[in-house]
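J.: Okay, sequence plus prediction incoming.
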There are 2 protein chains.
Amino acid sequence: MPTKKETYHHGDLRNALLAAAESVLAETGPEAFSLRAVARRVGVSHSAPAHHFGDTAGLLDALATEGFRRFLAAMEAEQAVAGDDPKERLIGSGMGYVRFAESAPALLQLMFGPGRKPDEASPELQQAAGASFAHLVDACRALPGAESRPEAELWADVYARWSLVHGLANLLMSGRLKTAPEGTGLDREAFVHSIVRRIAT
Amino acid sequence: MPTKKETYHHGDLRNALLAAAESVLAETGPEAFSLRAVARRVGVSHSAPAHHFGDTAGLLDALATEGFRRFLAAMEAEQAVAGDDPKERLIGSGMGYVRFAESAPALLQLMFGPGRKPDEASPELQQAAGASFAHLVDACRALPGAESRPEAELWADVYARWSLVHGLANLLMSGRLKTAPEGTGLDREAFVHSIVRRIAT
DNA sequence: CCATCCATATTGACACTGTCAAGATCAAGG
DNA sequence: CCTTGATCTTGACAGTGTCAATATGGATGG
């Protein structure tokens, strides 16, 4: 298998740059992110990325788009193993959300952080982000009794659940919940789960 | 009143730099933040900030510290006008939280965003952030029946409420809830309030 | 009053960054 | 074979953070 095509028009620079960018972002943090460092890591000239992504924002937009796709996949995967009960499925999505945040914090920061506002984003990014949102809405509408609830409450439900999981993910990422509080007798995973559970009440 | 002391050892450079930094952050966004631009705005040399803050991280740490103090003040103010009912007081704090987020989004991003991890932060920052957290815990423990709840549930309550409000604030800041969803018949403020209310259930 | 000292601010330099224009290199098709 | 267009490199430019060396001026002590 030709793992690395030395065609010297590299062959797959775009994806290589995306992968390298994610590594750099995860290792050095968003503050120290450098386009030239990404190019260096791939072994290509400092200005090669421009041809594929235009500028820094272009690269990060593309990376965020890929992030949203994997994000959705993570939620769907956890939902799938959760079985048939709509409540358990919603909780599964929530745990997928949180687990994604822990496995790729820099990526999620990029996706939801400042810059990259939902409007004024590329169509692909909007589409990928919209699909994630639709996933949440579907999971909420599948709950028993959702049909009979007034529209205003239903939307408040959606955003309250999103807020809770999103906020928890952010607190975890920013290191504000490195361990379950003393006195709970729980490990971190169980404590997190006991919080996420509340979106299904 | 000597609004501007032209003492030419400027007199109050530290605070002037903090104020300018906040403006730059709010106007140009965190990505484009530049230490030299801050110095320029105050009208001092590019390297003057170093003497007061060491480096960029030092300035931002100091700004985040000030942010946490104002953040706590905002919550306390809203709590004060909420009256005596512990539930209403908790909701007031929550609304103070999101209002602060809307009035100074860049600042809150700075306070909770990546970089500036709670450990490895300056003692003053830790103290200011800790005071905000204590405020939340107090508001939760003041709720009726809190005493009799098991410790694990009480902590889960605390973090679930924090998560919800924190997540909602972040969604608002990142432009993901610019207006109440259609069909709710609510304006944005009322919709936000209907979500924040849920922390007192 | 004057000299000294030290926090405060400036200047200049260095390596690094993002972006742009111009050139080189390669793959494929007429 | 040779032209064409996409891909990548080279070189330049302005701007950045940080450091060392220098200037400045307000306070303190004689």
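T.: Structure's in. What do you need?

J.: Can you name the helix or strand that the residue of chain A found nearest chain B falls in?
T.: Nearest residue of chain A to chain B (CB to the nearest CB) works out as residue A:167 at 2.6 Å. C-beta here means a position set from N, CA and C on the backbone, and glycine is covered the same way. Assigned by DSSP states H and E, residue A:167 falls within helix A:151-173.

J.: Just the buried residues of the helix or strand following that helix, please?
T.: Counting by DSSP H and E, the next helix or strand C-terminal to helix A:151-173 is helix A:188-196. For helix A:188-196, the neighbour count (16 or more other CB atoms under 10 Å in any protein chain shown) marks A:191, A:192, A:193, A:194, A:195, A:196 as buried.

J.: Please go through those residues and note which also touch chain B.
T.: Restricting the buried residues of helix A:188-196 to those near chain B by CB under 8 Å from any CB of the partner chain leaves A:191, A:194, A:195.

J.: Give me the nearest residue to the second one, chain neighbours excluded.
T.: Think residue A:194. Sequence neighbours aside, residue B:156 is the residue nearest to residue A:194 in space, at 4.9 Å (criterion: CB to CB, 6 or more residues apart in numbering or on different chains).

J.: now swap in the first one and tell me
T.: For residue A:191, ignoring the flanking residues on the chain, the nearest one in space by CB to CB, 6+ apart is residue A:180 at 3.7 Å.

J.: contacting residues for that neighbour?
T.: A:186, A:187, A:188, A:190, A:191, B:155 (CB atoms under 8 Å, 6 or more residues apart in numbering or on different chains).

J.: Show the residue spans covered by the helices in chain A.
T.: Using DSSP state H, the helices of chain A run over residues A:13-28, A:35-42, A:48-53, A:56-81, A:86-103, A:105-112, A:123-141, A:151-173, A:188-196.

J.: next one: stretch A:109-122 to chain centre, how far?
T.: 12 Å (CA atoms, centre = their mean, to the nearest Å).

J.: Next, see if it gets close to chain B.
T.: Yes - using CB under 8 Å from any CB, we find that stretch A:109-122 touches chain B at A:109, A:112, A:113, A:114, A:115, A:117, A:118, A:119.

J.: Pull the contacting residues for the fourth one.
T.: Under the criterion of CB under 8 Å, 6+ apart, the contact list for residue A:114 reads B:29, B:30, B:31, B:105, B:106, B:109, B:113, B:173, B:174.

J.: Now flag whichever of those is closest to DNA strand C.
T.: Set against DNA strand C, the nearest of those by CB to the nearest atom of the strand is residue B:31 (10.0 Å).

J.: burial measure for that closest one, as a count.
T.: Look at residue B:31: counted by other CB atoms under 10 Å in any protein chain shown, it has 15 neighbours.

J.: now do residue A:59
T.: Count around residue A:59 with other CB under 10 Å applied: 22.

J.: Would you mind listing what in chain A touches DNA strand D?
T.: A:9-11, A:13, A:39, A:44-48, A:50-52 (CB under 7 Å from any atom of the strand).

J.: Would you mind giving the residues you listed as a markdown table with neighbour count and pLDDT added?
T.: Formatted as a markdown table, the residues of chain A next to DNA strand D follow (neighbours: other CB atoms under 10 Å in any protein chain shown; pLDDT from 0 to 100):
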| residue | neighbour count | pLDDT |
| --- | --- | --- |
| A:9 | 7 | 67 |
| A:10 | 16 | 72 |
| A:11 | 13 | 75 |
| A:13 | 17 | 96 |
| A:39 | 20 | 98 |
| A:44 | 16 | 97 |
| A:45 | 11 | 97 |
| A:46 | 13 | 98 |
| A:47 | 10 | 97 |
| A:48 | 18 | 97 |
| A:50 | 15 | 98 |
| A:51 | 9 | 96 |
| A:52 | 15 | 97 |
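
J.: what's the most distant pair in these?
T.: A:11 and A:46 (19.7 Å; CB to CB).

J.: quick one: average pLDDT of stretch A:188-201?
T.: Average pLDDT, stretch A:188-201: 97.

J.: which residues touch it?
T.: A:87-88, A:90-91, A:94-95, A:98, A:143, A:160-161, A:164-165, A:168, A:172, A:177-181, A:184, A:186, B:152, B:155-156, B:159-160, B:163.

J.: Whichever of those end up buried, select them in ChimeraX.
T.: Remark: buried members of the contacts of stretch A:188-201, expressed as a ChimeraX selection using 16+ other CB under 10 Å:
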select /A:87,90,91,94,95,98,143,160,161,164,165,168,172,177,180,181,184,186 /B:152,155,156,159,160,163
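
J.: Could you chop chain A up by domain?
T.: Chain A breaks down by automatic domain parsing into domains covering A:1-54, A:59-200.

J.: Pick the most buried one from those domains.
T.: Mean neighbours per residue, mean count of other CB atoms under 10 Å in any protein chain shown, is largest over the domains of chain A for domain A:59-200, with a mean of 18.

J.: returning to that earlier point: export the residues of chain A next to DNA strand D to a markdown table and tack on distance to residue A:68?
T.: Below are the residues of chain A next to DNA strand D laid out as a markdown table (distance: CB to CB, whole Å):
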| residue | distance to residue A:68 |
| --- | --- |
| A:9 | 29 |
| A:10 | 26 |
| A:11 | 26 |
| A:13 | 22 |
| A:39 | 24 |
| A:44 | 26 |
| A:45 | 30 |
| A:46 | 28 |
| A:47 | 28 |
| A:48 | 25 |
| A:50 | 24 |
| A:51 | 24 |
| A:52 | 19 |
